[in-house]
Structure formats: structure tokens, C-alpha cells
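1. Return a 3D structure for these sequence lines:
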Amino acid sequence: MSTPRAIFLASLLTVVPVAALAGGPGLGQPLSEEEIPFYARYVMPDGAGLPPGRGTAIEGRPIYEEQCGLCHGETGIEGPIMPPVGPNAAYDKPAGRHWPYATTLFDYIRRAMPFHAPKSLSDDEVYALTAFILYRNDLVAEDEVVSDKTLASVVMPNRENFIDLWATQGDKPY
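-> Just a heads-up that it's a prediction; the model follows:
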């Protein structure tokens with residue numbers, strides 16, 4: 001039984017108890033009760049969990065230029081990283097091919113962007129950036145207000161190419 005798999009399992013049986021006795025690998029730190037809501041926030045496809053706020057593409061343009069353009073391109077089609085406007089040289093698919101719901105785009109920006117400082121944008125800045133990306137993809141007007149009341153009604157052009165787990169669950173899981 002000296003196969004690589006057996007050796008791996010034997011090493012786990014040795015390492016895991018030692019790590020447990022030592023209190024784990026010593027990485028990170030526990031969140032305080034006050035910090036948990038900041039990290040445990042999420043937005044559902046139907047808009048549940050969207051924070052109050054609003055923004056337009058006009059307001060989002062300078063935020064995009066300052067916070068996003070270096071990675072996603074000056075106009076959103078150049079990249080070098082995941083251009084959010086399509087079609088483009090990297091993707092000939094319809095605009096918004098990565099997001100089945102506009103709320104998913106908002107949630108992703110809110111959680112992970114900008115790359116150099118995730119979660120540093122205000123909710124209004126995230127609405128404005130979302131509006132700008134939607135506008136650049138011809139999904140909303142430049143002066144249209146995108147808000148917690150309107151975002152879920154934006155129909156993404158590639159939505160039908162996703163499996164809608166929310167529809168297949170019967171009762172919504174939230």
C-alpha cells in the first residue's frame with residue numbers, strides 16, 4: 001500500500017491532528033461581531049439584499065476611468081483583464097455574457113472591485129459603475145438612474161444561456 005494515494009492519506013492523518021492541536025495554521029484573524037455584516041452581505045438575482053442607493057452612467061464614467069480603466073481598458077473593450085463591454089476582440093458573444101443578472105454584476109463589483117482595494121467603493125459608486133457598464137453594453141440610457149428599485153428589472157442579453165437554479169429550486173433558497 002505504498003501508492004502515492006496511500007502516502008498522501010497517511011500524511012494527512014499525521015498533519016491534520018497536529019494542526020488541530022496547534023490551533024490551526026495561524027492564518028488570519030477572527031472577525032468581530034461588528035465586522036461580520038460588512039463581509040457577509042450578498043445580493044440575490046431578484047434584488048433582495050441590494051442596499052439603498054442610486055447612480056447613473058454619467059456619474060459612473062469618472063469612477064470607471066479612475067478605478068477600473070487600468071485593468072479593464074479605457075472604454076471597457078480593450079482589457080487586458082476581462083473587458084466588461086462586448087462584443088470585443090476577446091469575446092464575440094453578446095454584451096454581459098458573464099452575468100445572468102444585472103444584480104450579479106453589482107454584487108461582484110461591490111465585493112471584489114477595484115482589484116487594488118476591494119470593498120472600498122460606496123454603494124452609490126457601485127450603482128454608478130454598474131450603470132456605466134450597463135450603458136456601455138447598450139442596456140440602459142446614459143442618464144437612466146440605476147438603483148435598488150430598478151436594477152433587478154434590467155434583463156441581461158445572455159441570461160437565457162445560463163441555468164437558472166433559482167427557478168429550478170421551487171421555493172427560493174433565501
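
2. Tell me which residue is most central in the protein.
-> In the chain, the C-alpha closest to the average C-alpha coordinate belongs to residue 108, at a distance of 1.3 Å (CA atoms, centre = their mean).

3. any idea which helix or strand comes after the worst-scoring helix or strand of the chain on mean pLDDT?
-> Ranked by mean pLDDT, DSSP states H and E, the weakest helix or strand in the chain is helix 4-21, scoring a mean of 55. Later in the chain than helix 4-21, the nearest helix or strand by DSSP states H and E is helix 36-39.

4. hmm, who's touching that next one?
-> 31, 119 (CB atoms under 8 Å, 6 or more residues apart in numbering). (C-beta placed from N, C-alpha, C; glycine too.)

5. next one: stretch 54-74
-> 76, 78-85, 113-115, 121, 124-136, 140-148.

6. Tell me which residues of that stretch come out buried.
-> 54-57, 59-61, 63-64, 67-68, 71-73 (16 or more other CB atoms under 10 Å).

7. now do stretch 104-115
-> In terms of neighbour count (16+ other CB under 10 Å), stretch 104-115 has its buried residues at 104, 105, 106, 107, 108, 109, 110, 113, 114.

8. Now render the buried residues of stretch 54-74 as JSON lines, adding pLDDT, distance to residue 44 and secondary structure.
-> Listed next are the buried residues of stretch 54-74 as JSON lines, based on pLDDT from 0 to 100; distance: CB to CB, whole Å; DSSP: H, G, I helix; E, B strand; the rest coil:
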{"residue": "54", "pLDDT": "98", "distance to residue 44": "19", "secondary structure": "strand"}
{"residue": "55", "pLDDT": "98", "distance to residue 44": "20", "secondary structure": "strand"}
{"residue": "56", "pLDDT": "98", "distance to residue 44": "24", "secondary structure": "coil"}
{"residue": "57", "pLDDT": "98", "distance to residue 44": "24", "secondary structure": "helix"}
{"residue": "59", "pLDDT": "98", "distance to residue 44": "25", "secondary structure": "helix"}
{"residue": "60", "pLDDT": "98", "distance to residue 44": "23", "secondary structure": "helix"}
{"residue": "61", "pLDDT": "97", "distance to residue 44": "28", "secondary structure": "helix"}
{"residue": "63", "pLDDT": "98", "distance to residue 44": "25", "secondary structure": "helix"}
{"residue": "64", "pLDDT": "97", "distance to residue 44": "25", "secondary structure": "helix"}
{"residue": "67", "pLDDT": "96", "distance to residue 44": "25", "secondary structure": "helix"}
{"residue": "68", "pLDDT": "95", "distance to residue 44": "24", "secondary structure": "coil"}
{"residue": "71", "pLDDT": "92", "distance to residue 44": "27", "secondary structure": "helix"}
{"residue": "72", "pLDDT": "90", "distance to residue 44": "25", "secondary structure": "helix"}
{"residue": "73", "pLDDT": "90", "distance to residue 44": "30", "secondary structure": "coil"}
